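> Structure for this input, please:
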Amino acid sequence: MKKLTQILGILMLSFLTVTVAQAQDASLDDILKNYFENIGGEDEWKKIKSMTMKGNTSAQGMTMPVTIQSMYPTYFKMEMDFQGKKFITAYNGKTAWTLNPFMGGSEPTRMDEEETKSMSKQKFQDEFIDYKEKGSKIELVGTEEVDGTETYKVKMVKKDGDVVFYFFDTENYVPIMTRSLMESGPMKGQSIETFMSDYQEVDGLMVAFTTEQKMGGNPVFSMTAEDVIFNDVDIEANNFAFPSEEEKDENEKN
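Purely as a prediction, here's the structure:
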């Protein structure tokens, strides 16, 4: 459980058969053009400034209700409930913090510098939107089979030097997996793969309702969404802030 909660505190988005030869003929521009068309349009996604996702998460044989709130540009908060206890990990653009009852913690604590830096890299907006303006470079490096599905393998090098590989389904041009390296925590340097599936339409936009993460090839976390809300009016910046002493006192009274 210790390893799991450390990983979760840092972590933070499948359908005509083509031949390998056909896949290799696709250009990077073709992939991105089809990708944005199939997920609802780049301009429409730019209008999304916040999202709430509710569902269930499974880890180490346990299933827990989970709610994830995120907001442009880097706000993030995940709450999980297990046996009446609440685990929280959050970032408000400046401070990363967690509430971890599984480790005996009863009060929110700030994450260390390395964990905070890792959290700050989790962007709300799709990394392929205006990627050049963001300082990223991308290239099509070939094709690769992912769990029996042929994919286009696209390499992204971000402005800060981080490298992420995206694997786009050659049939539907949506990513079904990403691969990168864990940047902090006890598993630093390990390969982490995030699998996306069960794409569903929400307000005209396509969202992966099932996400699974593997580290070193071993499953560590999965989530199945039941409800997704875009531009949730209940999301405000203070939702993500580290609780003040006054807020903690008020919570204790309640």
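> residue ranges with poor pLDDT in this protein?
Low-confidence regions of the chain, defined by pLDDT under 70, span residues 1-25, 105, 183-187, 245-254.
> hmm, try it at 90
By pLDDT under 90, the low-scoring segments of the chain are 1-26, 58-63, 82-85, 100-107, 114, 118, 122, 181-191, 215-221, 244-254.
> where exactly do the helices run in it?
With DSSP state H as the definition, the chain shows helices at residue ranges 2-10, 20-25, 28-38, 42-46, 113-120, 245-253.
> Isn't D162 up against S180?
Yes. In this structure D162 lies within contact range of S180 using CB atoms under 8 Å: 7.2 Å. Just so you know, the C-beta spots here come from the backbone N, C-alpha and C atoms, and that holds for glycine as well.
> Can you get me a residue count around the closest residue to K159 other than its chain neighbours?
Sequence neighbours aside, G135 is the residue nearest to K159 in space, at 3.1 Å (criterion: CB to CB, 6 or more residues apart in numbering). The number of residues packed around G135, counting by other CB atoms under 10 Å, is 10.
> Next, count neighbours for the residue nearest to D227 when sequence neighbours are not counted.
By the measure of CB to CB, 6+ apart, the closest residue to D227 outside its immediate chain neighbours is K54, 4.6 Å from it. Neighbouring residues of K54 were enumerated by other CB under 10 Å; the total is 15.
> which residues sit in contact with K54?
Residues near K54 by CB atoms under 8 Å, 6 or more residues apart in numbering: P65, V66, T67, I68, A225, E226, D227, V228.
> What about those residues, which are in strands?
Counting by DSSP state E, the contacts of K54 place P65, V66, T67, I68, A225, E226, D227, V228 in strands.
> For the residues you listed, work out which two are farthest apart.
For these, the maximum inter-member distance is 15.1 Å, found between P65 and V228 (CB to CB).
> neighbour count winner among those two?
Set side by side, P65 and V228 give different neighbour counts by other CB under 10 Å, the larger being at V228 (19 against 13).
> how about the nearest residue to that one, chain neighbours excluded?
In space, not counting the residues next to it along the chain, V228 is nearest to V202; the distance is 4.7 Å by CB to CB, 6+ apart.
> One more: Y131?
Once flanking residues are discounted, Y131 sits nearest to I138: 6.2 Å by CB to CB, 6+ apart.
> gap between the closest residue to P65 other than its chain neighbours and P219?
Taking CB to CB, 6+ apart as the measure, P65 lies nearest to D81, with 5.0 Å between them; neighbours along the chain are not counted. D81 is 21 Å from P219, where distance means CB to CB, to the nearest Å.
> Equivalent analysis for P101, please.
P101 is 23 Å from P219, where distance means CB to CB.
> all strands for the chain, in order.
Under the criterion DSSP E, the chain carries strands at the ranges 50-59, 62-71, 75-82, 85-91, 96-99, 109-110, 137-146, 149-157, 163-169, 175-181, 191-202, 205-215, 218-230.
> With distance to D29 added, can I get those in a markdown table?
Written out in a markdown table, the entries for these read as follows (distance: least, CB to CB, whole Å):
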| stretch | distance to D29 |
| --- | --- |
| strand 50-59 | 28 |
| strand 62-71 | 29 |
| strand 75-82 | 31 |
| strand 85-91 | 34 |
| strand 96-99 | 36 |
| strand 109-110 | 43 |
| strand 137-146 | 10 |
| strand 149-157 | 12 |
| strand 163-169 | 13 |
| strand 175-181 | 17 |
| strand 191-202 | 22 |
| strand 205-215 | 20 |
| strand 218-230 | 27 |
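> Would you tell me which one of those strands is buried the most?
By mean neighbour count, with neighbours taken as mean count of other CB atoms under 10 Å, strand 96-99 ranks first of those at a mean of 22.
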